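# Provided below for reference: sequence and predicted model.
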Amino acid sequence: MEEKIIKTEYSEVMQKSFIDYAMSVIIARALPDVRDGLKPVQRRTLYDMHELGIRYDRPYRKSARIVGDTMGKYHPHGDSSIYDALVVMAQDFKKGMPLIDGHGNFGNIEGDGAAAMRYTEARLEKVTQETFLADLDKNVVDFIPNFDETEKEPAVLPVRIPNLLINGSEGIAVGMATSIPPHNLREVMDAVKAYMLDENISVKELMRYIPGPDFPTGGIVTNKDDLLSIYETGTGKIKIRGRVEVEKLKGGKVNVIITEIPYTMIGANIGKFLSDVAALAESKKTQDILDISNQSSKEGIRIVIELRKDADVDNFINMLYKKTRLEDTFGVNMLAIANGRPETMGLKEIIKAHVDFQFEVNTRKYQTLLEKEKAKREIQEGLIKACNVIDLIIEILRGSKDRAMAKACLVEGKTDGIKFKSKASKVMAEMLQFTENQANAILEMRLYKLIGLEIEALIKEHEETLANIFRYEDILGRKDSMMQVILNEMEAWKAEFGRERKTVIDNCEEAVFKENKIQEMEVVCLMDRFGYTRTVDMATYERNKEAADSENRFVFRCMNTGKICLFTDAGQLYSVKVSDLPFGKFRDKGVPIDNVSNYDSTKEQLLLAASQMELNLYRVLFVTRQAMVKVVDGAEFDVSKRTVAATKLQEGDEVLDVSLLKEQNSIVLQSEQGYFLKFAIEEIPEKKKAAVGVRGMKLGEKDRLEAVYYVENGTDTVIPYKSRELVLNQMKTAKRDGKPTKVRG
């Protein structure tokens with residue numbers, strides 16, 4: 001086959017490919033459809049369970065079976081995404097109305113994950129079966145080919161309740177994200193009813209029925225006045241607080257008990273909250289805490305904080321709101337797929353889309369039912385007519401040679417070849433005009449249908465069919481009738497599946513926390529070789545001075561209100577507040593410095609840790625692997641940012657040494673190839689921190705500095721070098737950037 005090469009602009013190919021990819025993620029993966037409130041993976045999982053017959057009134061089936069079947073038939077994107085979606089739909093602390101009934105370990109509110117899919121089982125919830133998957137056999141939605149066109153799947157489920165509002169949704173697409181809070185089913189149903197009765201209703205009036213979100217974790221929404229703007233525009237921020245109770249104990253002690261948490265604290269953030277509360281005590285921001293315990297169980301959240309008897313409880317609770325995630329923000333962006341495109345929608349637009357979808361689904365449903373009833377009427381009328389002339393029909397059947405001959409007589413009155421008992425019978429047979437469907441039904445009719453009671457039942461069934469046809473035509477012909485059907489169904493589901501509201505909607509005053517001023521004092525910072533850091537008071541340090549100096553890599557004095565500075569081989573400076581470090585006993589372990597700063601010990605090497613107090617008194621000397629040197633005034637590093645560049649580096653270079661200049665007189669540079677150069681520190685010029693510096697020593701090709709040593713007058717500095725010891729004081733002093741001396745081992 002001859003090759004066909006198409007030449008095109010590369011940027012156009014990239015643009016088209018990226019747009020195709022982005023739209024695929026937006027439409028087919030990350031965002032829910034406004035009609036059923038489901039993402040494709042959720043829709044396919046529920047439909048597959050429906051097809052497998054895993055109903056709410058049948059036994060559970062292995063999750064692995066559901067995941068495998070869904071992946072093989074409808075969702076070829078990996079089993080983890082399908083199982084994750086299944087798990088979330090079964091978690092009552094994430095969904096306002098769980099759609100799947102999970103059996104086994106499906107995770108918990110504290111962030112523990114679900115067991116592997118081979119261990120858990122699941123089935124549909126009753127609400128899912130009755131309001132999400134009912135009537136799929138009545139042509140209520142379109143079916144589309146699956147990914148390999150071997151199966152059919154619904155383009156959207158015929159969901160009869162406003163699932164997008166009830167369960168909310170979260171998803172990240174390309175360049176956009178959705179975040180819709182869950183709401184109360186009863187309230188949403190009432191709002192939909194109000195809209196159906198008055199399509200000109202305002203969002204403010206709708207909020208008489210839906211005052212705000214209803215999170216499954218409860219809590220308190222504190223900015224009620226902002227909700228109108230959020231529901232009008234579809235975007236905004238909801239402030240949520242956990243619910244706190246105060247329990248007074250004997251002896252004047254007080255327990256602060258958290259019984260409900262913000263929705264945003266679900267998962268690992270509960271552990272983070274406990275760590276943050278403990279950190280408040282360790283950093284001496286509060287001295288009221290005696291004990292913290294997490295007593296949460298299947299019955300609900302219960303986090304107990306025991307306080308001293310003279311504690312200011314209100315101020316402590318406000319501190320929790322300000323300093324931890326007990327008060328948090330839920331960002332709202334009500335983005336969904338509407339008419340095949342992503343759209344940010346307000347409350348009224350979502351309700352309108354739901355109502356329009358209900359009219360569409362019910363129209364298709366009752367059209368299908370009407371056609372079936374009309375088909376039944378046709379058959380019933382034919383059978384009733386046949387019963388009236390049953391003797392003639394029997395005569396036709398007995399006189400016909402085959403089925404086709406008998407059918408032709410019943411439908412068209414053809415009597416050729418049929419033997420009749422009399423001419424009158426033949427004349428009557430020629431007058432028969434049954435429809436094709438009626439003729440087939442007559443030919444397939446069993447003799448017991450001729451019993452009197454059976455004929456009466458047929459007539460009664462025919463009357464019911466006529467009544468159904470009248471009812472269906474009325475529903476399809478009048479909008480009021482259709483609306484009443486929808487409203488009646490909504491009332492029934494509201495009564496069966498509704499629950500009481502959990503979240504309180506209110507306007508709360510902003511938490512004001514009066515922070516106790518830290519009594520300023522000088523402390524000693526201790527950092528061991530693993531980076532564990534803590535501070536101790538001066539008296540503790542003096543009692544353990546020898547052990548402190550020998551066991552720790554960095555030991556220096558600082559003010560407890562100040563900060564310490566970390567210099568790394570990447571030329572970065574990281575600042576840490578001393579108040580963020582634990583203060584306590586000498587043998588306390590401390591906290592990893594990575595945890596309280598932006599410094600990452602896996603990517604950079606720490607060269608110097610010093611207090612800002614020290615830096616303001618001294619100058620700082622930098623030496624790099626490429627033998628660049630400079631001196632910087634320590635006051636330059638007194639900056640407000642937590643991370644800044646401490647020095648500028650040339651390409652491929654890194655900092656070898658950072659030292660505070662105190663009593664050093666000379667510096668000795670040693671290269672990897674064994675060259676040494678000693679010169680006076682005063683020859684190194686003072687530069688700004690953004691400067692590269694000057695060359696301290698000439699290096700040969702592929703040679704780099706390996707070590708830096710400092711010499712003080714009157715003190716011998718001896719280093720081991722290969723098989724002997726070098727006394728650096730006896731080394732000849734040269735000029736900076738001079739010719740180095742080769743030292744042999």
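Happy to help now that I have it.
# and the strands in the stretch 201-350 of the chain, which stretches?
For the stretch 201-350 of the chain, the strands defined by DSSP state E, counting those that start in this stretch occupy 220-221, 235-241, 243-248, 254-260, 289-294, 303-307, 327-333, 335-338, 341-344.
# quick one: closest of these to Ser723.
Judged by C-beta to C-beta, the one of the strands of the stretch 201-350 of the chain that comes nearest to Ser723 is strand 289-294, at 58.6 Å. All C-beta atoms are positioned from the backbone trio N, CA, C, and that covers glycine.
# for Asn146, find the nearest of the strands of the stretch 201-350 of the chain.
Between Asn146 and the strands of the stretch 201-350 of the chain, the shortest separation by C-beta to C-beta is 18.9 Å, and it involves strand 335-338.
# looking at the strands of the stretch 201-350 of the chain, which is closest to Pro211?
Comparing the strands of the stretch 201-350 of the chain under C-beta to C-beta, the one sitting nearest is strand 220-221, at 8.9 Å.
# any chance of TSV for the strands of the stretch 201-350 of the chain, columns mean pLDDT?
Output for the strands of the stretch 201-350 of the chain, formatted as TSV (pLDDT from 0 to 100):
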stretch	mean pLDDT
strand 220-221	94
strand 235-241	94
strand 243-248	91
strand 254-260	92
strand 289-294	89
strand 303-307	92
strand 327-333	93
strand 335-338	92
strand 341-344	91
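# any idea which of the ones you listed gets closest to Ala177?
Nearest to Ala177 among these is strand 327-333; the distance by C-beta to C-beta comes to 6.3 Å.
# can you list contacts of that closest one?
Residues outside strand 327-333 that contact it (C-beta atoms under 8 Å, 6 or more residues apart in numbering): 177-181, 213, 222, 230, 234-242, 262-265, 320-321, 344, 511.
# quick check: which ranges of this protein have low pLDDT?
The chain contains residues with pLDDT under 70 at 1-2, 19-28, 283-284, 447-453, 512-518, 745.
# domains in it, by residue range?
With domains defined by automatic domain parsing, the chain comprises 31-159, 243-325, 353-496, 522-742.
# let me have these in CSV, extended by mean neighbour count and distance to Glu170.
Below are the domains of the chain laid out as CSV (neighbours: other C-beta atoms under 10 Å; distance: least, C-beta to C-beta, whole Å):
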stretch, mean neighbour count, distance to Glu170
domain 31-159, 19, 9
domain 243-325, 17, 11
domain 353-496, 15, 19
domain 522-742, 17, 28
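# got the ones you listed as a markdown table, with distance to Leu335 columns?
Listed next are those as a markdown table, based on distance: least, C-beta to C-beta, whole Å:
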| stretch | distance to Leu335 |
| --- | --- |
| domain 31-159 | 6 |
| domain 243-325 | 18 |
| domain 353-496 | 13 |
| domain 522-742 | 33 |
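# returning to what we had before: could you dump the strands of the stretch 201-350 of the chain to CSV with distance to Ala191?
Conversion of those to CSV gives the following (distance: least, C-beta to C-beta, whole Å):
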stretch, distance to Ala191
strand 220-221, 17
strand 235-241, 18
strand 243-248, 25
strand 254-260, 25
strand 289-294, 37
strand 303-307, 34
strand 327-333, 17
strand 335-338, 17
strand 341-344, 19
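# so which of those gets nearest Thr503?
Nearest to Thr503 among those is strand 220-221; the distance by C-beta to C-beta comes to 6.1 Å.
# about what we covered before: right, and the domains of the chain - which one's nearest Thr503?
The nearest among the domains of the chain, by C-beta to C-beta, is domain 243-325 at 8.4 Å.
# which of the strands of the stretch 201-350 of the chain sits closest to Met490?
strand 335-338 (20.9 Å).
# next helix or strand past the helix or strand containing Tyr366?
In the assignment (DSSP states H and E), Tyr366 maps to helix 347-388. Next along the chain after helix 347-388, taking DSSP H and E as the criterion, comes helix 390-399.
# tell me what that next one is packed against?
Using 3 or more C-beta pairs under 8 Å, 6 or more residues apart in numbering; DSSP states H and E as the contact criterion, the elements in contact with helix 390-399 are helix 403-412, helix 423-430.
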